[in-house]
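[1] Got a predicted model here, sequence first, then my questions.
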Amino acid sequence: MRRIASLIAVTVLTASCGQATTTTSTTSEILSGTVSYSSQEIGSLPGAVDLIQRDNADSFFYVVSRFGTIQRWKPDGTIIDTVLDISTATTSEGERGLLGLAFRQINRKWEAFINYTDLSGDTVVSRFDVNPDGRFVMSTRPTGAEIIKITQPYSNHNGGAVVVGPDNMLYIGTGDGGSADDPERRALDKTQLLGKILRINPLGSGYKIPSDNPYVATANARGEIWSIGLRNPWRFNFDIFGNIWIADVGQNKWEEVNVSSGTPKIPGGRGKSFGWSAYEGSHIFNDDVDSPDAIAPVFEYEHTGGACSISGGAIGTNTTTLGRGGWYFFGDYCTGMVTAILTDGTSTVASETVLKDLGNITAVRSTFDGMFVISLEGTVRRIVSTRQGSSVESP
């Protein structure tokens with residue numbers, strides 16, 4: 001039977017100060033310190049879904065629009081330039097579009113990877129060279145060199161995250177293919193690339209499958225697979241220790257945060273199942289499939305009070321969220337609420353409301369020195385945390 005993680009209830013007191021910028025003060029009974037939060041709007045890009053800083057030495061970051069553009073911004077929201085425009089090569093209908101961006105440094109040279117939906121509705125991950133100053137190197141192919149293409153049977157659950165792991169490999173989050181209820185049971189099927197986290201080593205174009213991927217020697221399994229059993233891992237991250245954090249969008253009752261421990265050399269999630277569609281969260285869903293060794297979520301919340309879809313996620317540090325280093329921050333698309341949790345790796349030991357009423361949240365993202373919330377209308381807000389006293393934190 002699947003291990004069910006226990007959730008430890010924490011009383012959280014919230015109050016709004018009623019100022020122009022949304023402010024919420026939170027206090028947890030089991031923590032010795034108090035952190036107050038506020039948000040500051042720094043800019044807007046229609047269709048914004050992602051925000052990435054390439055390197056801690058950069059004085060800028062990138063904002064990604066699902067309509068097909070990537071801009072560079074200064075930390076105060078000033079637009080520097082548009083480094084990519086593939087708006088004529090992607091469709092932004094429904095859950096499609098330009099959905100993710102990642103950077104990798106190889107032999108002191110930078111390259112960028114984008115995850116987008118092509119005009120046929122399929123997922124494409126492609127590659128660009130990047131100049132030292134952060135500008136993309138354009139080629140005759142405006143969408144870059146194709147690394148991998150994945151056929152999408154439906155218009156939703158396209159995933160969208162593309163992440164360079166601590167091992168410098170490229171990780172790709174794929175949804176289960178769409179429709180509803182995982183109709184073709186793809187998420188736990190190792191012959192399918194959908195409903196997974198994939199791990200590949202990109203080349204100039206195309207890719208190699210790393211020899212230490214978990215299913216390389218498994219008959220009929222796809223060697224690209226790193227993790228299975230995911231519904232729509234819209235955003236996932238690795239922390240400094242190599243642990244993987246996944247905000248997996250639920251079906252109709254439960255939203256979940258998954259964590260798998262790892263190291264910088266062997267990151268979390270290797271050969272792991274996160275249960276979908278045998279489970280939604282920790283609850284049995286499709287009883288005609290099973291995943292007995294699935295990892296239960298460290299946190300889940302029900303579709304009550306208007307909640308509907310988790311929008312992950314970023315791990316706080318004492319630079320990005322003072323007093324909340326090691327906490328995981330995520331939003332809900334429908335309620336506009338940002339929540340932070342502290343976990344021991346198997347269950348949640350504290351949770352608190354960070355901010356409320358921020359619209360339809362599409363992502364919570366962080367740079368090396370900031371935490372940001374992005375909403376559907378394109379507004380980008382910086383989360384500001386102020387420590388009122390000492391607090392208990394994980395590293």
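    Structure's in. What do you need?

[2] Could I get the contacting residues of the residue nearest to Arg96 when sequence neighbours are not counted?
    Once flanking residues are discounted, Arg96 sits nearest to Thr117: 3.7 Å by CB to CB, 6 or more residues apart in numbering. Yep, even glycine has a C-beta here, placed from its N, CA and C like the rest. Thr117 is in contact with 90-92, 96-99, 123-124, 152, 158, counting by CB atoms under 8 Å, 6 or more residues apart in numbering.

[3] give me that answer again for 10 Å
    Thr117 makes contact with 66, 68, 89-99, 123-124, 152, 155, 158, 160, according to CB atoms under 10 Å, 6 or more residues apart in numbering.

[4] same check, this time on Asp181
    Neighbouring residues of Asp181 by CB under 10 Å, 6+ apart: 231, 251-252, 277, 280, 285-286.

[5] any idea which of those residues is closest to Arg104?
    Arg231 (27.1 Å; CB to CB).

[6] That closest one and Ser179 touch, don't they?
    No: assessed by CB atoms under 10 Å, Arg231 is found out of contact with Ser179, at 11.5 Å.

[7] These two - which one has more neighbours?
    Applying other CB atoms under 10 Å to Arg231 and Ser179 shows that Arg231 carries more neighbours, namely 24 against 13.

[8] List the residues that contact that one.
    Contacts of Arg231 (CB under 10 Å, 6+ apart): 157, 159, 175-176, 181-182, 187, 195, 248-251, 256, 274-277, 280, 285.

[9] For Gly100, which non-adjacent residue is spatially closest?
    Closest to Gly100 by CB to CB, 6+ apart is Asn115, at 3.8 Å.

[10] just checking, next helix/strand downstream of the helix or strand containing that neighbour?
    Per DSSP states H and E: Asn115 is located in strand 109-117. Downstream of strand 109-117, the next assigned helix or strand under DSSP H and E is strand 123-130.

[11] Quick one: list the elements packing against that following strand.
    Applying 3 or more CB pairs under 10 Å, 6 or more residues apart in numbering; DSSP states H and E, one finds that strand 123-130 contacts strand 79-85, strand 98-106, strand 109-117, strand 145-150, strand 170-174, strand 196-202.

[12] and Pro46, how many neighbours does it have?
    Taking other CB under 10 Å as the criterion, the count of residues near Pro46 is 12.

[13] circling back: among the contacts of Arg231, which are located in strands?
    Per DSSP state E, strands hold the following members of those: 248, 256, 280.

[14] gap between the closest residue to the second one other than its chain neighbours and Val259?
    Nearest residue to Glu256, sequence neighbours excluded (CB to CB, 6+ apart): Pro297, at 3.8 Å. If you measure Pro297 against Val259 using CB to CB, to the nearest Å, the figure is 8 Å.

[15] ok, the two, which is more surrounded?
    Ranked by neighbour count (other CB under 10 Å), Pro297 and Val259 place Pro297 first, with 29 against 25.

[16] The more buried one reaches Gly275, doesn't it?
    Yes: counting by CB under 10 Å, Gly275 is a contact partner of Pro297 at 8.3 Å.

[17] Name the residues of stretch 47-63 that are buried.
    For stretch 47-63, the neighbour count (16 or more other CB atoms under 10 Å) marks 47-54, 60-63 as buried.

[18] Could you identify the most distant pair in those?
    Once CB to CB is applied, the buried residues of stretch 47-63 give Gly47 and Arg54 as the farthest pair, at 21.0 Å.
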